[in-house]
Structures are given as C-alpha cells and as structure tokens.
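**Student:** Provided below for reference: sequence and predicted model.
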Amino acid sequence: MKILISEKIPVKMWLNEIEVEAENQAKDLANLPFAFKHIAIMPDSHLGYGMPIGGVMATNQVIVPNAVGVDIGCGMMAVKTDLKEIAVEGLKEIMGKVRKSIPLGFNHHKEKQEWSGFDNAPDIEVIQKELNSSRYQIGTLGGGNHFIEIQKGNDGHIWLMIHSGSRNFGLKTATEYHNKAKKLCERWQSDIPNSDLSFLPMDTKAGKEYFKAMNYALEFAYANRDLMMTRFMSVVKEVTNGSELERINIHHNYAALENHFGKNVLVHRKGATKATQGLIGIIPGSMGSKSYIVEGLGNPESFKSCSHGAGRRMGRKEAIRTLNLEEEQLKMKDVIGKPRGQQDLEEAPGAYKDITEVMANQTDLVKIKVELSPLAVIKG
C-alpha cells in the first residue's frame, strides 16, 4: 500500500503506479472538508470525472454525484452453469442468438418490457421523464465497455457474465443532480478544490431527491442485468440443454450508508466493488484476459472494498489510434468476438491494465474463488 500524507487526510493506494491526473484527483478528494478518515484508491484506478475510477470515499452527511458516476448502478452479473464444455459451433450459435434477443449499444427493445419496479417509481422529475422510454431499455446492454461473455472456470464449469448498468436513468440522474450541486456550491461559495466535486447535503431537498433517484437507478440496473441474464441463459439452454447453478449480481457505481471506524458515513464507490467479509463478488478482466469470482476479506482500510475490474491503461481514442490490430487479435487467440477492425480496439486487451497485477495488489482485500477464461465475447 502506498500512502500519501501531504493532504488534509491520507490517501491510501493499492497500486504501484497511478497517472498524475488520477493522483491529483485523489488529492482533491482528500482535501474535501467532509471527507472522512482517508481516501482509498483501488489497484485498477485511473482518471475519471472529478473522482478517479476505482476510488472509495466516505463522507459526513453529504453526497457527491460525481463520486458515484454517470452510470449509476453499473455492475456485474455472473451465472455458473452445469455445463463443462461448449463446442466452437455451439458458442457461435449462442452468441448469434444472443445478439438477436439482447439489444446492444444505443438499440432498445421494440416492445415494452415487464418489470414490477416500474409501478414503484419515485415521484421525482428526472425519473418520471425517463419512465416510459425505460420500459424499452430494460434488458439492453448499452455501449462502451459493457459486455456479454461466455467463460470457462478453473472449477470446470462454464460461466456466463454480463457488465451493464442503469442506462438513461443513471446518466440523466447523475447529470441533473451534479448540475444542481454545482449551482448550490457556487451560491454557498463552498470550500471545494474542484467544481466537479460539487456536493449535496443529505438534509436538503436536492440531496434527498438524488439519493432516492440513485437508489431507484440501482434497482433498475440490477433488474436490467437480471433480465438480460435470463434471456442469455435461455439461449444457452436452447442450444446446449445446460442449466443454471448459481447467480451473482453486484453494483460498482453507487453510494451507501454504512458504519466504518465506529461512525455512520456515506460510502461512495466509483468503479469499486463492496468486499465485506465473506461477500461474493466479480472482478472482470479485459476481453482477452481472465476474470475472477472473489470473496471479500472485509479489510477496514479500503472501507471493505476492492477493484471493479482491470482498469483502463489508455483512453478509447488513444487505443484506436495507437494499438496494433494484429497484436490485439493475437492476444485473444481463439476467443470468439475478437476485434475485427481498428475502430474495435477501444476495448481491446491492450487498452487495459494487466489483471494479474491488479489481483496481486489486492490480496488483502479479496481472495480468488474461481478464475475464468474467456471463450466468446460481445462488446456493447
């Protein structure tokens, strides 16, 4: 662990190297008047908006929209199946059918989807505005680094994995309440190092609204992954007659009221996963590297958190501009779904940190239960 003690509170980092810009963002967090105890930076950390991705911050009575992120409730879902192998032709057939049943990128369903949570939507303007369109969005993957993957575990089983979030609910909620926080902090002349870290006191109308809207977006994100996985598993069963044995569904962009170091605080995890003692989690690698099912060790120094993935080594535009297509295809060997052209390299293995190094840097945060190797992948 590398510890910075130059700011108001320490910054504890579970990595050997961090980009200067991300380190400066971590220092900004450590100088916030409401930040509690210390800032924890996970081993996959890199530059974000206001707060670095892979950052964990506990606060006293305030919430920071940009410390949750724009894709509220973004997270992982994994299913262990009773299958031990799937032939190449089977993998191709499954992924072809998945593309037809789960809309990708900006695509939505053509018909309204069912979810009981639609009937309990909070009476908050930003949620109500998105409510109708969200009925077509639930069960869709989205773009960026979201993915659908089939993997082989070192436990001998075939696993299914999905990475996705709350779609427009999260984006619109984050944007709306960050702008409100920014205006309020300007009016209050708040002592914050960066307007990207504008905050909302939890006892204000805006603070209460954001927290309620955020939690609704979390419920939607959970249901979104769950619906996609149900359809993914249905395709797998149709092609292979395989069955589901275990289902894991977790968030890595959210804020939650928790007790740490004897105090009730609001823990912001932005690109970080909860890792309390015995809690089962998911840490994915890049599309060409291993992913992991892990068990939390409940380390108090990380506010009982761990990394949410491998973490980016370079931005998407830089990856497209600088990575070599043939080299990236070679890294993925026989994985179905490897990049076909230069424009596909934004999510290529070379754009990400070495997941084995990331895992080695957090042996005090989690222990590995299952190591997963990719067989076939669909990127959003």
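**Tutor:** Looks like it came in fine.

**Student:** Low-confidence ranges, this structure, go.
**Tutor:** Nowhere does the chain drop to pLDDT under 70.

**Student:** ranges for the helices of it?
**Tutor:** Remark: helices assigned in the chain by DSSP state H are 20-30, 88-101, 125-137, 167-188, 205-240, 316-322, 325-331, 355-360.

**Student:** For the shortest one, name the packing helices and strands.
**Tutor:** Looking back up the chat, that one is helix 355-360. Judged by 3 or more Cβ pairs under 8 Å, 6 or more residues apart in numbering; DSSP states H and E, helix 355-360 is in contact with strand 35-46, strand 280-283, strand 291-296. Backbone N, C-alpha and C define where each C-beta goes, glycine included.

**Student:** TSV for the ones you listed, including mean neighbour count and distance to residue 262?
**Tutor:** Below are the helices and strands packed on helix 355-360 laid out as TSV (neighbours: other Cβ atoms under 10 Å; distance: least, Cβ to Cβ, whole Å):
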stretch	mean neighbour count	distance to residue 262
strand 35-46	26	10
strand 280-283	24	25
strand 291-296	22	20
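
**Student:** closest one to residue 189 among the ones you listed?
**Tutor:** strand 35-46 (18.8 Å; Cβ to Cβ).

**Student:** Tell me how far that closest one lies from the chain's centre.
**Tutor:** Chain-centre distance of strand 35-46: 16 Å, with Cα atoms, centre = their mean, to the nearest Å.

**Student:** How about stretch 326-344?
**Tutor:** For stretch 326-344 - counting by Cα atoms, centre = their mean - the centre lies 23 Å from the chain centre.

**Student:** out of the helices and strands packed on helix 355-360, nearest to residue 108?
**Tutor:** Of those, nearest to residue 108 by Cβ to Cβ is strand 280-283, at 25.6 Å.

**Student:** Quickly run through the sheet partners of the closest one, with directions.
**Tutor:** With DSSP bridges as the test, strand 280-283 is paired with strand 291-296 (antiparallel).

**Student:** want to try TSV for the helices and strands packed on helix 355-360, with distance to residue 235 as columns?
**Tutor:** Shown next, in TSV, are the helices and strands packed on helix 355-360 (distance: least, Cβ to Cβ, whole Å):
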stretch	distance to residue 235
strand 35-46	30
strand 280-283	21
strand 291-296	20
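
**Student:** Same list (the helices of the chain) but as JSON lines, adding mean neighbour count.
**Tutor:** What follows is these, written out as JSON lines (neighbours: other Cβ atoms under 10 Å):
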{"stretch": "helix 20-30", "mean neighbour count": "19"}
{"stretch": "helix 88-101", "mean neighbour count": "16"}
{"stretch": "helix 125-137", "mean neighbour count": "16"}
{"stretch": "helix 167-188", "mean neighbour count": "20"}
{"stretch": "helix 205-240", "mean neighbour count": "20"}
{"stretch": "helix 316-322", "mean neighbour count": "15"}
{"stretch": "helix 325-331", "mean neighbour count": "15"}
{"stretch": "helix 355-360", "mean neighbour count": "19"}
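
**Student:** is it possible to export those to JSON lines including distance to residue 110?
**Tutor:** Listed next are the helices of the chain as JSON lines, based on distance: least, Cβ to Cβ, whole Å:
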{"stretch": "helix 20-30", "distance to residue 110": "41"}
{"stretch": "helix 88-101", "distance to residue 110": "12"}
{"stretch": "helix 125-137", "distance to residue 110": "7"}
{"stretch": "helix 167-188", "distance to residue 110": "16"}
{"stretch": "helix 205-240", "distance to residue 110": "15"}
{"stretch": "helix 316-322", "distance to residue 110": "29"}
{"stretch": "helix 325-331", "distance to residue 110": "34"}
{"stretch": "helix 355-360", "distance to residue 110": "37"}
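
**Student:** which residues touch the residue nearest to residue 70 when sequence neighbours are not counted?
**Tutor:** Among residues not flanking residue 70 along the chain, residue 174 sits closest, at 4.4 Å (Cβ to Cβ, 6 or more residues apart in numbering). Taking Cβ atoms under 8 Å, 6 or more residues apart in numbering, we find residue 174 in contact with 65, 66, 68, 69, 70, 71, 72.

**Student:** ok, residue 174 to residue 48 distance?
**Tutor:** 12 Å (Cβ to Cβ, to the nearest Å).

**Student:** Common neighbours of those two, please.
**Tutor:** Joint contacts of residue 174 and residue 48 (Cβ under 8 Å, 6+ apart) are 66, 69.

**Student:** Contact partners for the closest residue in space to residue 214 that isn't next to it in sequence?
**Tutor:** Distance criterion Cβ to Cβ, 6+ apart; nearest residue to residue 214, sequence neighbours excluded, is residue 72 at 5.4 Å. Residue 72 is in contact with 165, 166, 169, 170, 173, 174, 214, 217, 218, 221, 253, 254, counting by Cβ under 8 Å, 6+ apart.

**Student:** Send me stretch 169-183 as PDB with only the CA atoms.
**Tutor:** What follows is stretch 169-183, C-alpha atoms only, in PDB (Å, rounded to 0.1, in the frame of the first residue of the first chain):
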ATOM      1  CA  PHE A 169     -31.900   6.600 -15.600                       C
ATOM      2  CA  GLY A 170     -28.300   6.700 -14.300                       C
ATOM      3  CA  LEU A 171     -27.000   9.200 -16.900                       C
ATOM      4  CA  LYS A 172     -29.900  11.700 -16.600                       C
ATOM      5  CA  THR A 173     -30.000  11.500 -12.800                       C
ATOM      6  CA  ALA A 174     -26.200  12.000 -12.500                       C
ATOM      7  CA  THR A 175     -26.200  15.000 -14.900                       C
ATOM      8  CA  GLU A 176     -29.300  16.600 -13.400                       C
ATOM      9  CA  TYR A 177     -28.100  16.500  -9.800                       C
ATOM     10  CA  HIS A 178     -24.400  17.300 -10.500                       C
ATOM     11  CA  ASN A 179     -25.600  20.500 -12.100                       C
ATOM     12  CA  LYS A 180     -27.800  21.200  -9.100                       C
ATOM     13  CA  ALA A 181     -24.900  20.500  -6.800                       C
ATOM     14  CA  LYS A 182     -22.600  22.800  -8.800                       C
ATOM     15  CA  LYS A 183     -25.100  25.700  -8.700                       C
END
